[in-house]
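*Asks:* sequence first, predicted model second:
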2 protein chains.
Amino acid sequence: MAVSQTNLAWATLLDIGPSEHGGALRLHDRLALALRTTIRDGRLTEGAAVPPSRALAEELGCSRWVVTEAYGQLIAEGFLSARVGSATRVSWSPDASPTRPRARHVPAQTAIRYDLAPGLPDLRAFPRRRWAEAVRAVTGSAVHYDLGLPDPAGHAELRTTVAQYLRRSRGADADTTSVSVCAGVTDGLVRTCRALHARGITDLAMEHPGWRRLRDAATSTGLRVHPVPVDDDGLRVEDLVRTPARVVVVGAAHQFPTGTVLSPRRRARLVRWARETDGFVIEDDYDAEFRYDRHPVAVIQGMEPSRVFLLGSVSKTLSPALGLGWLVAPTAMAQALRSANPVAAAPPVLDQLALATFIERGWYDAHLRAARRRFRSRRDLLIRTLAAQIPQGRVAGTAAGLHVLLHLPDDTDTRGSVRAAAATGLRLTDLDDYRMHRSAERALVLGYGNISDTDIASAVALLREALSSPSTSGPPGTAQSGDDGL
Amino acid sequence: MAVSQTNLAWATLLDIGPSEHGGALRLHDRLALALRTTIRDGRLTEGAAVPPSRALAEELGCSRWVVTEAYGQLIAEGFLSARVGSATRVSWSPDASPTRPRARHVPAQTAIRYDLAPGLPDLRAFPRRRWAEAVRAVTGSAVHYDLGLPDPAGHAELRTTVAQYLRRSRGADADTTSVSVCAGVTDGLVRTCRALHARGITDLAMEHPGWRRLRDAATSTGLRVHPVPVDDDGLRVEDLVRTPARVVVVGAAHQFPTGTVLSPRRRARLVRWARETDGFVIEDDYDAEFRYDRHPVAVIQGMEPSRVFLLGSVSKTLSPALGLGWLVAPTAMAQALRSANPVAAAPPVLDQLALATFIERGWYDAHLRAARRRFRSRRDLLIRTLAAQIPQGRVAGTAAGLHVLLHLPDDTDTRGSVRAAAATGLRLTDLDDYRMHRSAERALVLGYGNISDTDIASAVALLREALSSPSTSGPPGTAQSGDDGL
């Protein structure tokens, strides 16, 4: 039982002093951890004997039990092996392949002082107290069953509450069975596309320009995406009919990023198209709650529930960090949705119940009313400031949503301006970021959801500066631009 | 401007009395809703004129403004159209296709009184107060930025906390960059399989018997699944090497459902296999925290972090309703994971921060200690009761996890017993449910996570009854069995 490495100071080799884990680990666990690390690092190599337990215990000043426990642990894990009448030996060696790369260094970014990227509501106005209260209430009141395996379609209580909300506020045709809960519009679109794909659909049309993330979602399910242009009346249905697609994703109430509303004539034509082609409309109702000049237009889904999927979420009204959305599907598609998404899970149950409570107590309506007032006046302020400071620009888009489109003269270097602005702490987004190819039309998408009223003047002043700065020399495409969001 | 339907009692047709929405809708909204419903139902057909706003206002006893607002809304939505000098007319008709099917009737199930299906922790012991407190704390303290677009890999705070937890309690090699947050083991497996598939891997091996849900997850990403048998030493690596797979999913610490622990020799052989085939191991560490006879064996991932993906969650320790899990990936696979999952989202941010707080405050360790004590004594009680009541059975599986395997004589009709038990309110699971084909070996998988100690005697008495009841006549495969879980 000779120990082969008697010259080693084991107490030094095995660093079992107070570790980062503090008192959470008992002594034998710390010894096992130290042995494991030493073997993994290659400091103790395969075949090397470890000291007899009595010897190591003496050196470390601990009981022999501590050492035998630690050895036993590493034997079970395959790091050590013991044979009767022989020393316990290292039976493991780390892979000889080169050291794995270290985490890459993330370059420091200029801090964002003013955020005019679209896609965010006012994060400062998130109703923290009421949300925490809703979670507290449901965590106390949920039945045990609610803490078990969740219904993949979502908790019935939230589905019922959302159905009622969508009926009264969006004119939807929805009930508990047709609503399912998902993580947001992107998640809802992925599920829908999978169901359509399983039904033999291979082509899908999308508004252009539009959310890149939704395009990614659709293509990730194997569908071919056909862009269809948008004009002042919304999606050009006359162009849609020329694509091979039988399904189209449309932001009828407020198209992103152009801000147009689908005209009554186009709405009717779109539904006729769906009937005639035996096709489907996927309605992205992402920020329809925010309309400032009049009542929001009801969803198309209410006109033709058997041919329209309706997608919505609280990402633009409360916060994208909540990860809560819904999907209203035609009844005939319910089975296809389930079988095409065999392992899709609904969001955490307590969050679902919290949202149901938040809506039922009237807090969601109250939050929306306050947000509508806030965004209406902020939008007016932004447009006034832009008119005064950037006379060459022209603001487009309905009085709705959380962003405006700022059209600029054809010779504007929008890409360079986005870059120049980023260097001063102003985050901007080029309309081209939502296109599949560059366009002659120059415009910026200015989000006013997540900027305070008092910062508008400074942000627009920086924007004016960025627009007048000479083009920077960086290659096109490297601009720090807004995230494409949910 | 003649009204075509003067005989209609408009106030009756348009049911605008206090609706389910109570005071939440203003009068013109209620009128718009009523008009919409009437048109959708086909009670007002395309071409029909609606009364002049003044006339309808008189009949309804409201101001003319209410009517013009409602008409304006429905014109914008395409239900009505107005031309100068003519009546406002219905411009919409519902689809002529047959009435959509009503929601199917769900047959009433016998209420579950005793739940011996595997896969659930003790839902009665969910730490409601502390969880709510953790959510409350982070909802108050989160910075605004945390409420914005979430990091798809998970919040850095939770990733750091989980990495430290896995290092100290599971012997993992993990840091903030190698950990990502996901919704659970299934979600983590889907992401991993997609990344492997994108790297050209087409075949994956899985333990057999095993979780059906994991098999569904793998096949949903396009991988071919090869079952590999499990014996008393865990996965039979000698059979694995004969499959074309270069990737295997393994429950090394406690295989489900056999309850075996991968032997030290097999662990080493498995890693050698991965090195030699340039392959990967996906380690499903689903319930390793629960080992009652000794310290849990550390993860294989710690031996070979460049070839092992480690999956875990709180579904078996806290609750599957939380939807929180993690994935530790080889550094070289980080980019592939991101690009193969372009639209995957992390769980809600506040939940992530709450779990980080829950762990950091020591509440997770305290919960696990209490749960370990509880499950150890409950497992002993169950085994004693089974030995006394069902002498023909033989209990297998390491003293670990949340279930035991009850082997039964070859002539036992386990399927019929599951059905008979369900009728008495006892939920059981046939081992065959975790197999791809029926086997001659008869066994039940008995979960003791979600049953109270005081119910064990009654549950086992019902089990004894079910085992001795004559086979029922239903066709095979219709048994009400436990859910396949997360």
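*Replies:* Sure thing, it's come through. Numbers count the residues shown, from 1 in each chain, chains lettered A, B, ... in the order given.
*Asks:* can you give me the helices in the stretch 351-486 of chain A?
*Replies:* Taking DSSP state H, counting those that start in this stretch as the criterion, the stretch 351-486 of chain A contains helices spanning A:363-389, A:414-423, A:456-468.
*Asks:* most packed of the ones you listed?
*Replies:* Among the helices of the stretch 351-486 of chain A, helix A:414-423 has the highest mean neighbour count (mean count of other CB atoms under 10 Å in any protein chain shown), at a mean of 22. Placement of C-beta: from N, CA and C, glycine included.
*Asks:* before we move on, back to that, which among the helices of the stretch 351-486 of chain A is found nearest to chain B?
*Replies:* Across the helices of the stretch 351-486 of chain A, chain B has its closest neighbour in helix A:363-389 (6.4 Å, CB to the nearest CB).
*Asks:* now mean pLDDT and distance to A:Thr357 too, for the helices of the stretch 351-486 of chain A, in TSV please.
*Replies:* Listed next are the helices of the stretch 351-486 of chain A as TSV, based on pLDDT from 0 to 100; distance: least, CB to CB, whole Å:
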stretch	mean pLDDT	distance to A:Thr357
helix A:363-389	96	8
helix A:414-423	94	41
helix A:456-468	96	35
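*Asks:* could you dump those to CSV with distance to chain B?
*Replies:* Below are the helices of the stretch 351-486 of chain A laid out as CSV (distance: least, CB to the nearest CB, whole Å):
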stretch, distance to chain B
helix A:363-389, 6
helix A:414-423, 17
helix A:456-468, 16
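*Asks:* let's have these in a markdown table, adding distance to A:Thr139.
*Replies:* Rendered in a markdown table, the data for the helices of the stretch 351-486 of chain A read as follows (distance: least, CB to CB, whole Å):
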| stretch | distance to A:Thr139 |
| --- | --- |
| helix A:363-389 | 17 |
| helix A:414-423 | 42 |
| helix A:456-468 | 39 |
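*Asks:* near chain B, which residues of the stretch 151-300 of chain A are found?
*Replies:* A:164, A:167-168, A:171, A:173, A:175, A:177, A:183-184, A:186-187, A:190, A:213, A:216-217, A:220, A:261, A:264-265, A:267-268, A:271, A:275, A:294-295, A:297-298 (CB under 8 Å from any CB of the partner chain).
*Asks:* narrow the residues you listed to those in helices?
*Replies:* A:164, A:167-168, A:186-187, A:190, A:213, A:216-217, A:220, A:264-265, A:267-268, A:271, A:275 (DSSP state H).
*Asks:* which one of those residues is nearest A:Leu462?
*Replies:* Nearest to A:Leu462 among these: A:Arg213, at 26.8 Å, using CB to CB.
*Asks:* just give me the neighbour total for the closest one.
*Replies:* 18 (other CB atoms under 10 Å in any protein chain shown).
*Asks:* need the per-residue pLDDT for it.
*Replies:* pLDDT for A:Arg213: 92.
*Asks:* what's near enough to touch A:Asp173?
*Replies:* A:167, A:301-302, A:305, A:328, B:40 (CB atoms under 8 Å, 6 or more residues apart in numbering or on different chains).
*Asks:* try it again at 7 Å.
*Replies:* Shown in contact with A:Asp173 (CB atoms under 7 Å, 6 or more residues apart in numbering or on different chains): A:301-302, A:305.
*Asks:* closest one of the residues you listed to chain B?
*Replies:* Relative to chain B, and with distances defined as CB to the nearest CB, the nearest of these is A:Gly302, at 6.5 Å.
*Asks:* of the contacts of A:Asp173, buried ones?
*Replies:* Neighbour counting over the contacts of A:Asp173 (16 or more other CB atoms under 10 Å in any protein chain shown) leaves A:301-302, A:305 as the buried ones.
*Asks:* out of these, which are close to chain B?
*Replies:* Filtering the buried ones among the contacts of A:Asp173 for proximity to chain B by CB under 7 Å from any CB of the partner chain leaves A:Gly302.
*Asks:* quick one on the thing from earlier: can you select the buried ones among the ones in helices among the residues of the stretch 151-300 of chain A next to chain B for me in PyMOL?
*Replies:* Restricted to buried positions by 16+ other CB under 10 Å, the PyMOL selection for those reads:
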select buried, chain A and resi 164+167+168+186+187+190+213+216+217+220+264+267+268+271
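*Asks:* between the ones in helices among the residues of the stretch 151-300 of chain A next to chain B, which is closest to B:Ala76?
*Replies:* Nearest member of those to B:Ala76, counting by CB to CB, is A:Pro264, at 5.9 Å.
*Asks:* distance of that closest one relative to B:Trp92?
*Replies:* Computed as CB to CB, to the nearest Å, the A:Pro264 to B:Trp92 distance reads 10 Å.
*Asks:* quick check: domain ranges of chain A?
*Replies:* A:5-105, A:114-122+A:366-472, A:126-362 (automatic domain parsing).
*Asks:* got any ranges where chain A has weak pLDDT?
*Replies:* Counting by pLDDT under 70, chain A has low-confidence residues at A:1-9, A:12, A:15-24, A:96-110, A:470-486.
*Asks:* all helices of the stretch 1-150 of chain A, in order?
*Replies:* Under DSSP H, counting those that start in this stretch, the stretch 1-150 of chain A gives helices at A:10-13, A:27-40, A:53-60, A:64-76, A:128-141.
*Asks:* list of residues touching stretch A:205-216?
*Replies:* Outside stretch A:205-216, the residues touching it (CB under 7 Å, 6+ apart) are A:186, A:189, A:218, A:225-230, A:235, A:240, A:243, A:245, A:247-251, A:255-258, A:431, A:434-436, A:484-485, B:342-343.
*Asks:* check stretch A:189-197 too.
*Replies:* Under the contact criterion CB under 7 Å, 6+ apart, stretch A:189-197 has outside partners A:182, A:204, A:214, A:217-218, A:220-223, A:247, A:249, A:280, A:282, A:309, A:311, A:327, A:333, A:336-337, A:340-341, A:344, B:343.
*Asks:* CA-only coordinates of that stretch in CSV, if you can.
*Replies:* Output in CSV follows, covering the C-alpha atoms of stretch A:189-197 (Å, rounded to 0.1, in the frame of the first residue of the first chain):
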residue,chain,number,x,y,z
LEU,A,189,-47.0,32.2,-34.5
VAL,A,190,-44.5,29.3,-34.3
ARG,A,191,-47.3,27.1,-33.0
THR,A,192,-49.7,28.2,-35.7
CYS,A,193,-47.2,27.7,-38.5
ARG,A,194,-46.4,24.2,-37.2
ALA,A,195,-50.0,23.3,-37.3
LEU,A,196,-50.5,24.7,-40.8
HIS,A,197,-47.3,23.0,-42.0
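*Asks:* how far out from the middle of the chain is that stretch?
*Replies:* Taking CA atoms, centre = their mean, to the nearest Å, one finds the center of stretch A:189-197 at 18 Å from the center of the full chain.
*Asks:* same question, stretch A:249-269
*Replies:* The answer for stretch A:249-269 is 24 Å, by CA atoms, centre = their mean.
*Asks:* buried sites along that stretch?
*Replies:* A:249-264, A:266-269.
*Asks:* among the residues you listed, which ones are in strands?
*Replies:* Members of the buried residues of stretch A:249-269 lying in strands (criterion: DSSP state E): A:249-250.
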